[in-house]
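Undergrad: what would the 3D arrangement of this be:
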Amino acid sequence: RTIILSEFLESGMDDRSLYGRIAGLLTQHQVKKVIAIGEKLGEGLQGQLPDTTELRTYLSTDDFLHDFRSSQYSHEIILIKGARRFGFERIAKLFEKKLHQTVLEINLNALSHNLKEYQKILKPGTRIMAMVKAFSYGSGGAEIASVLQYHNVNYLGVAYADEGVELVRSGITIPIMVMNAEESSFQAIVDYHLQPVIYSFGLLHQFNEYLRQQGLSSYPVHIEIETGMNRLGFLQSQMDALGTALNGSSFSIQSVFSHLASSEEPSQDEFTEAQAERFQEAVAALKKHISQPFLQHISNSAAIVRHPHLQMDMVRLGIGLYGIEVDNDHMLQLQPVATLRSTIAQLKQLKKGDTVSYNRRGVVQRDSVIATVRIGYADGYSRAFGNGVGSMWVNGKLAPVVGTVCMDMTMIDVTDIPDVREGSDVIVFGPQLPVQEIAARIGTIPYEIMTSISHRVKRVYFHE
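TA: Numbers count the residues shown, from 1 in each chain. Model prediction:
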């Protein structure tokens with residue numbers, strides 16, 4: 001544990017009491033290295049820290065920056081705390097730099113804003129299940145879940161048990177629904193108080209038998225009904241048999257739900273309504289066997305906007321949280337949450353006829369300036385963006401991709417963009433270049449772009 005600390009300017013305490021208090025806290029929390037910056041702080045701490053604590057002193061932030069070597073801080077947890085006049089943001093930037101300069105920035109203010117936008121159009125009492133599966137659509141599970149928990153979301157939804165386990169270990173306490181439970185995950189589900197979805201008789205009998213062997217009863221589960229997605233779920237014709245099986249089970253039914261197949265498409269509205277009717281009929285049949293109350297839900301992000309009458313007891317809010325949604329006639333003012341950015345590693349002056357990247361597919365049609373960007377398909381930037389299909393945002397302009405996207409690098413044409421330098425910032429997607437737009441370039445959807453971002457891309461979270 002290391003702390004970089006500035007002089008305290010307005011503590012209201014005399015120097016002896018102040019430095020004694022600081023030394024006591026540093027000792028109590030077992031800080032092993034103290035960097036003291038300021039005219040009095042270092043002198044005040046001298047002789048007050050244990051022999052096991054290393055103390056380094058600097059008169060100013062500039063003195064520290066001049067002496068900084070990143071190798072001196074290997075395998076350390078570092079707290080940086082300073083008065084504004086010391087400009088410690090310059091120190092923070094030194095620690096944020098990494099060899100791989102591609103980062104995914106997550107704007108937590110935008111996430112909170114989008115949640116509130118959806119809450120505005122929900123009926124009073126309608127609960128929200130926030131979907132944080134697939135690493136929160138690539139944005140980072142635990143960090144996103146913490147913000148949602150702070151804003152009193154009722155449930156979280158994950159795809160697999162290990163995603164739920166990670167959230168619980170990170171301090172998440174609100175209920176977590178696991179959509180794809182399997183026999184090998186039963187132990188983790190029970191150990192971490194996760195709530196599985198039961199979607200077949202096979203899974204129902206397996207999990208029920210497991211609970212009985214463990215001496216558990218009234219365990220919370222969710223029931224999935226098939227209404228037209230044709231993926232997972234009990235058929236409408238199976239409701240009587242399902243009700244009988246649930247009556248003799250060790251389950252406590254928390255909710256019954258279904259998935260809408262095409263709620264975002266106006267041409268499919270008739271099918272969406274038919275799904276909702278099948279669901280209501282299935283629920284009515286199930287209620288003949290189950291006396292305990294349970295929640296009903298079928299709406300996803302698009303349905304919340306386009307089919308408000310289907311809100312029922314709860315809605316499942318997914319990709320809309322991240323500012324990505326179908327056209328909603330400006331009913332919601334969503335903000336993009338994620339910005340994928342990188343930097344230029346090198347600039348090259350090429351002559352007409354020169355080729356770029358593998359297989360020489362990128363042929364320069366004029367004398368050009370080509371920039372190599374630190375992102376490739378190993379980071380989640382698809383090879384499909386190659387050869388002019390994709391573009392990146394540089395200094396307020398679009399720069400087309402030249403040649404084949406490589407594993408770790410991509411080349412773009414910056415000939416017509418002024419003031420581009422090695423190290424210049426490049427936006428792959430973000431407010432300036434919406435992820436919806438780049439997804440359309442390669443005939444896919446924003447979900448795939450977001451969830452394809454590699455874990456080697458550092459996630460940076462900020463909240464103002």
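
Undergrad: contacts, neighbours, all on C-alpha from now
TA: OK.

Undergrad: doesn't residue 399 belong to a strand?
TA: Yes. With DSSP: H, G, I helix; E, B strand; the rest coil as the criterion, residue 399 is part of a strand.

Undergrad: tell me what it is bridged to.
TA: Beta-bridge pairing of residue 399 under DSSP bridges involves residue 392.

Undergrad: how near is it to residue 313?
TA: According to CA to CA, to the nearest Å, residue 399 and residue 313 sit 47 Å apart.

Undergrad: out of these two, which sits in the busier spot?
TA: Shown here are residue 399 and residue 313; by other CA atoms under 10 Å, residue 399 has more neighbours (23 against 17).

Undergrad: which residues touch the more buried one?
TA: Counting by CA atoms under 8 Å, 6 or more residues apart in numbering, residue 399 makes contact with 391, 392, 393, 412, 413, 414, 417.

Undergrad: which residues touch the strand of greatest length in the chain?
TA: Across the chain, the longest stretch assigned as strand under DSSP state E is strand 338-350. Residues outside strand 338-350 that contact it (CA under 8 Å, 6+ apart): 101-107, 139, 322, 364, 367-375, 421-431.

Undergrad: report the helix or strand with the lowest average pLDDT across the chain.
TA: helix 133-137 (a mean of 64; mean pLDDT, DSSP states H and E).

Undergrad: and the next element down the chain from that helix?
TA: helix 141-150 (DSSP states H and E).

Undergrad: so what does that next one touch, helix or strand wise?
TA: Packing contacts for helix 141-150, counted by 3 or more CA pairs under 8 Å, 6 or more residues apart in numbering; DSSP states H and E, involve helix 108-120, helix 133-137, helix 161-169.

Undergrad: again, 10 Å this time
TA: helix 108-120, strand 127-131, helix 133-137, strand 155-158, helix 161-169, strand 458-462 (3 or more CA pairs under 10 Å, 6 or more residues apart in numbering; DSSP states H and E).

Undergrad: out of the ones you listed, which gets the lowest mean score?
TA: Here the lowest mean pLDDT among these goes to helix 133-137, at a mean of 64.

Undergrad: pLDDT below threshold where in the stretch 1-150 of the chain?
TA: Low-confidence segments of the stretch 1-150 of the chain (pLDDT under 70): 71, 96-100, 134-140.

Undergrad: if we can go back for a sec, JSON lines for the helices and strands packed on helix 141-150, including mean neighbour count and distance to residue 439?
TA: Below are the helices and strands packed on helix 141-150 laid out as JSON lines (neighbours: other CA atoms under 10 Å; distance: least, CA to CA, whole Å):
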{"stretch": "helix 108-120", "mean neighbour count": "18", "distance to residue 439": "21"}
{"stretch": "strand 127-131", "mean neighbour count": "24", "distance to residue 439": "21"}
{"stretch": "helix 133-137", "mean neighbour count": "21", "distance to residue 439": "14"}
{"stretch": "strand 155-158", "mean neighbour count": "23", "distance to residue 439": "24"}
{"stretch": "helix 161-169", "mean neighbour count": "19", "distance to residue 439": "26"}
{"stretch": "strand 458-462", "mean neighbour count": "15", "distance to residue 439": "21"}
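
Undergrad: nearest to residue 295, of these?
TA: Each of these has some distance to residue 295 by CA to CA; the shortest is strand 127-131, at 9.2 Å.

Undergrad: how far is the closest one from where the chain is centred?
TA: 15 Å (CA atoms, centre = their mean, to the nearest Å).

Undergrad: identify the residues contacting that strand?
TA: 115, 118-119, 122, 136-137, 141, 144-145, 148-149, 152-159, 175-177, 295, 297, 300-301, 311-321 (CA atoms under 10 Å, 6 or more residues apart in numbering).

Undergrad: repeat that for stretch 274-288.
TA: Outside of stretch 274-288, the residues within contact range by CA under 10 Å, 6+ apart are 224-229, 234-244, 246, 256-261, 268-273, 290, 293-294, 296-299, 310.

Undergrad: quick one: that stretch to chain centroid distance?
TA: On the basis of CA atoms, centre = their mean, stretch 274-288 sits 34 Å off its chain's mean C-alpha point.

Undergrad: what residues sit buried inside it?
TA: For stretch 274-288, burial by neighbour count (16 or more other CA atoms under 10 Å) applies to 275, 276, 278, 279, 280, 282, 283, 285, 286, 287.

Undergrad: mean confidence for the helix or strand containing the second one?
TA: So that's residue 276. Following DSSP H and E, the helix or strand that holds residue 276 is helix 269-287. Mean pLDDT, helix 269-287: 96.

Undergrad: mind listing what's buried in whichever helix or strand comes after it?
TA: As assigned by DSSP H and E, the chain's next helix or strand after helix 269-287 is strand 295-297. Applying a neighbour-count criterion of 16+ other CA under 10 Å, one finds 296, 297 buried in strand 295-297.

Undergrad: do stretch 356-371 as well
TA: Along stretch 356-371, these residues count as buried under the neighbour rule (16+ other CA under 10 Å): 356, 357, 362, 363, 364, 368, 369, 370, 371.

Undergrad: from these, which ones fall inside helices?
TA: Among the buried residues of stretch 356-371, none falls in helices (DSSP state H).

Undergrad: pLDDT and distance to residue 69 added to those, as TSV?
TA: Output for the buried residues of stretch 356-371, formatted as TSV (pLDDT from 0 to 100; distance: CA to CA, whole Å):
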residue	pLDDT	distance to residue 69
356	96	37
357	96	36
362	93	41
363	95	43
364	95	42
368	96	38
369	97	35
370	97	33
371	97	30
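
Undergrad: quick check: phi and psi at residue 223.
TA: phi -110, psi 130 (degrees, to the nearest 10).

Undergrad: now do the contacts for it.
TA: Residue 223 neighbours (CA under 10 Å, 6+ apart): 179, 196-200, 204, 233-234, 242, 246, 253-258, 296.

Undergrad: please repeat the previous calculation with a cut-off of 7 Å.
TA: 197, 198, 199, 255, 256, 257 (CA atoms under 7 Å, 6 or more residues apart in numbering).

Undergrad: burial count for the spatially closest residue to the third one that is not a sequence neighbour?
TA: Put plainly, it is residue 199. Spatial nearest neighbour of residue 199, chain neighbours left out: residue 233 (4.3 Å); criterion: CA to CA, 6 or more residues apart in numbering. Residues near residue 233, counting by other CA under 10 Å, number 21.

Undergrad: thought residue 239 was touching residue 233, still the case?
TA: No. Between residue 233 and residue 239 no contact is recorded; they are 11.2 Å apart, counting by CA atoms under 7 Å.

Undergrad: isn't residue 404 right up against residue 358?
TA: Yes. Contact criterion CA under 7 Å: residue 404 and residue 358 qualify, at 6.0 Å.

Undergrad: sorry, back to before: among the contacts of strand 338-350, which ones are in strands?
TA: In strands, judged by DSSP E, the following of the contacts of strand 338-350 are found: 103-107, 368-373, 425-429.

Undergrad: what does the helix or strand containing residue 62 rub up against?
TA: Using DSSP H and E, residue 62 sits in helix 61-67. For helix 61-67, contacts defined as CA under 7 Å, 6+ apart pick out 37, 58, 86.
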